[in-house]
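# Return a 3D structure for these sequence lines:
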Amino acid sequence: MLFKHFNPYLATQKFTVYTDNITVRWIDTIKNIQGRLGRWALELQGYDFEIMHRPGKKNNVDALSRRKFEKIYPENFPQNEIEQTVAAMSNKKYEIITFDYKGDDEQQPNIFTITDTGNEDDETLEDTDPEQFKKRKTFRHLQRHCPDFVEIFSYKSDGQVSQERQKARQLDAKAFHYEIDNGILYHFFNARSRSLPKGQNMVKQLAIPRTLRKEVLEAFHDNIVGCHQGEERTYEAVRQRYYWPNMYTDIKTYIKTCETCQRSKRDTHSHPVPLKPMPIEEVFSRWHMDILELPETPEKYRYLLLVVDSGSKWCEAFPMRTQEATEVASILFREIIARFGAPLCIVSDQGANFLSKLVAALCELLQIKRHYTSAYHPQTNAACERINSFIVQTLRTQLEKQTD
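Residues are numbered from 1 along each chain as shown. Sure thing, here's the model as predicted:
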């Protein structure tokens with residue numbers, strides 16, 4: 001607040017506050033005040049001041065925002081924004097650029113250009129440049145026979161509309177953004193940007209028929225000029241010159257199915273592979289194993305081999321002096337297989353003792369499958385991890401005086 005900034009000057013003397021907010025005048029007299037006014041009232045309790053209301057027209061603070069500016073446009077300038085742009089574009093030249101793409105071996109696409117002045121007819125173009133007229137006539141033919149622009153051409157040139165009232169209204173609203181200039185159909189796009197001055201935010205786009213859309217996508221994306229850009233950049237580049245219905249969806253689908261992009265780019269939003277839960281087995285059919293390190297005992301025992309049954313959650317722990325594979329295999333055969341029978345599978349981490357040839361030979365002899373957890377993912381062996389935490393917690397509560 002302003003009071004905090006000028007607190008050294010306002011804290012020791014009475015002052016007057018002029019504002020155009022008439023509600024603030026009653027900030028000291030309103031009962032059960034809440035919300036923003038309530039917070040203001042608490043902040044202002046330590047000051048001695050008087051609030052005076054002054055209308056906004058007489059308030060000097062609003063002088064700049066209420067300044068009147070004269071109109072800089074001519075009186076006869078069109079008021080409609082699209083009419084302004086069309087009027088400004090009537091004397092300009094436009095180029096129809098078509099890309100003839102022949103693969104990645106070329107450094108850049110072959111481009112032929114047709115220049116329109118907006119005031120010449122087909123006969124004049126044919127007399128001046130037969131090659132350009134031939135290309136222009138072919139492009140105009142493709143536009144007129146494209147299913148996306150047939151209705152627009154019929155409505156703009158002949159005034160033909162559907163007999164259904166709703167479809168006629170939809171066609172009229174759609175055709176408002178199109179223009180036929182010297183036999184070629186254009187689409188007007190209103191670029192909503194505050195950085196562009198009024199009258200220059202309209203983009204005149206060439207309407208591309210279906211047969212040429214793949215060539216445009218290849219030229220703007222596959223070629224070295226496009227350099228396999230992403231969806232948004234490719235769409236912005238194409239939108240500055242061309243238009244067709246559902247253009248953004250077509251560009252997005254084309255880039256997602258681009259084989260070169262799939263091989264060369266890394267996925268910054270990759271999704272992890274969905275986890276598959278372990279199937280439910282019978283009792284003593286699948287055992288989970290893990291080794292827990294503890295303080296060394298007077299008998300030189302330092303490790304615990306923890307074995308948990310996945311079905312019944314029955315757990316047993318066996319002390320070990322070392323983590324060698326011989327000791328692990330001996331306990332596994334003597335205490336588990338001999339007592340409960342050979343299980344179907346054993347789940348453990350990727351420790352060297354569990355991956356040893358001795359344990360592998362024992363499992364192969366008894367036809368026991370071995371499953372290993374993923375690296376840095378102990379949740380796979382959650383049955384043992386949960387019992388490990390319980391054992392450590394119990395030992396801490398019972399051996400408080402033992403420091404190690």
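
# mind listing what's buried in the longest helix that the chain contains?
Longest among the helix segments of the chain by residue count, using DSSP state H, is helix 382-398. If you call a residue buried by 16 or more other Cβ atoms under 10 Å, then helix 382-398 has these buried ones: Ala383, Cys384, Glu385, Ile387, Asn388. Backbone N, C-alpha and C define where each C-beta goes, glycine included.

# With respect to Phe49, which of the residues you listed is nearest?
Of all those, Glu385 has the smallest distance to Phe49: 66.1 Å, by Cβ to Cβ.

# ok, for that closest one, nearest residue in space, not its chain neighbours?
Distances taken as Cβ to Cβ, 6 or more residues apart in numbering put Pro378 closest to Glu385, at 5.2 Å, once the chain neighbours are dropped.

# Run a quick neighbour tally on the one you found.
By the criterion of other Cβ atoms under 10 Å, Pro378 has 14 neighbours.

# Please report how far it lies from Asp349.
Computed as Cβ to Cβ, to the nearest Å, the Pro378 to Asp349 distance reads 7 Å.

# hmm, who's touching the strand or helix carrying Ile291?
Assessed by DSSP states H and E, Ile291 sits inside strand 286-293. Contacting residues not belonging to strand 286-293 are listed as 278, 302-311, 317, 320, 323, 328, 332, 336, 343-349, 351, 353-354, 381, 383-385, 388, 391-392 [Cβ atoms under 8 Å, 6 or more residues apart in numbering].

# In strands, which of those appear?
Per DSSP state E, strands hold the following members of those: 303-309, 317, 320, 345-348.

# how is the chain carved up into domains?
With domains defined by automatic domain parsing, the chain comprises 2-62, 93-260, 286-398.

# Report the rounded mean pLDDT for the shortest one.
Throughout domain 2-62, pLDDT has a mean value of 78.

# right, and Ala342 touches Gln367 too?
Yes: taking Cβ atoms under 8 Å as the definition, Ala342 is a contact partner of Gln367 at 7.2 Å.

# Where does the prediction get shaky in the stretch 51-200 of the chain?
The stretch 51-200 of the chain contains residues with pLDDT under 70 at 60-137, 193-200.

# same thing but at 50, please
73-79, 82, 86, 89-128, 134 (pLDDT under 50).

# how about Ile30, what does it touch?
When contacts are taken as Cβ under 8 Å, 6+ apart, Ile30 is in contact with Leu37.

# List the buried residues in stretch 30-37.
Counting neighbours by 16+ other Cβ under 10 Å, one finds that the buried residues in stretch 30-37 are Ile33.

# How far does that stretch stretch from one end to the other?
Using Cα to Cα, to the nearest Å, the end-to-end distance of stretch 30-37 comes out at 10 Å.

# just stretch 158-176 next, same as before
15 Å.

# Tell me the secondary structure at the nearest residue to Ile184 once chain neighbours are set aside.
Leaving aside its chain neighbours, Ile184 sits nearest to Arg140 (6.0 Å; criterion: Cβ to Cβ, 6+ apart). The assignment at Arg140 comes out as helix when based on DSSP: H, G, I helix; E, B strand; the rest coil.

# Relative to Phe153, how far out is Arg140?
10 Å.

# need the domains of the chain in TSV with distance to Pro272, can you?
Conversion of the domains of the chain to TSV gives the following (distance: least, Cβ to Cβ, whole Å):
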stretch	distance to Pro272
domain 2-62	46
domain 93-260	20
domain 286-398	11
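
# Could you point out which of those sits nearest His269?
Across these, His269 has its closest neighbour in domain 93-260 (12.2 Å, Cβ to Cβ).

# end to end, how far does stretch 266-281 reach?
First residue to last in stretch 266-281 (Cα to Cα) measures 40 Å.

# ok, and what's touching that stretch?
Identification of contacts with stretch 266-281 by Cβ under 8 Å, 6+ apart yields Arg286, Ser310, Gly311, Leu344, Cys345, Val347.

# if you set the cut-off to 10 Å instead, what comes out?
285-288, 309-311, 343-345, 347, 371, 374, 377, 379-380, 383 (Cβ atoms under 10 Å, 6 or more residues apart in numbering).

# quick one, helices of the stretch 201-350 of the chain?
For the stretch 201-350 of the chain, the helices identified by DSSP state H, counting those that start in this stretch occupy 210-217, 231-239, 247-256, 259-264, 325-331, 338-340, in order along the chain.

# circling back to that earlier point, find residues that contact each of Arg140 and Phe153.
Common neighbours of Arg140 and Phe153 (Cβ under 10 Å, 6+ apart) are Ile180, Gly183, Leu185.

# which residue packs closest to Pro209, ignoring adjacent ones?
Ranked by Cβ to Cβ, 6+ apart and with sequence neighbours excluded, the top spatial neighbour of Pro209 is Cys146, at 3.7 Å.

# Let me see the contact set for the one you found.
The contact partners of Cys146, taken as Cβ under 10 Å, 6+ apart, are Ile152, Phe153, Leu185, Ala207, Ile208, Pro209, Arg210, Thr211, Leu212, Arg213, Trp244.

# Which of the helices or strands spans it?
Assigning secondary structure by DSSP H and E places Cys146 outside every helix and strand.

# Is there a neighbour count for the residue lying closest to Ile33 once chain neighbours are set aside? I'd like the number.
In this structure, Ile33 finds its nearest non-sequential neighbour in Ala41, 5.6 Å apart by Cβ to Cβ, 6+ apart. Other residues near Ala41 number 15, with proximity taken as other Cβ under 10 Å.

# With that, I have no additional questions.
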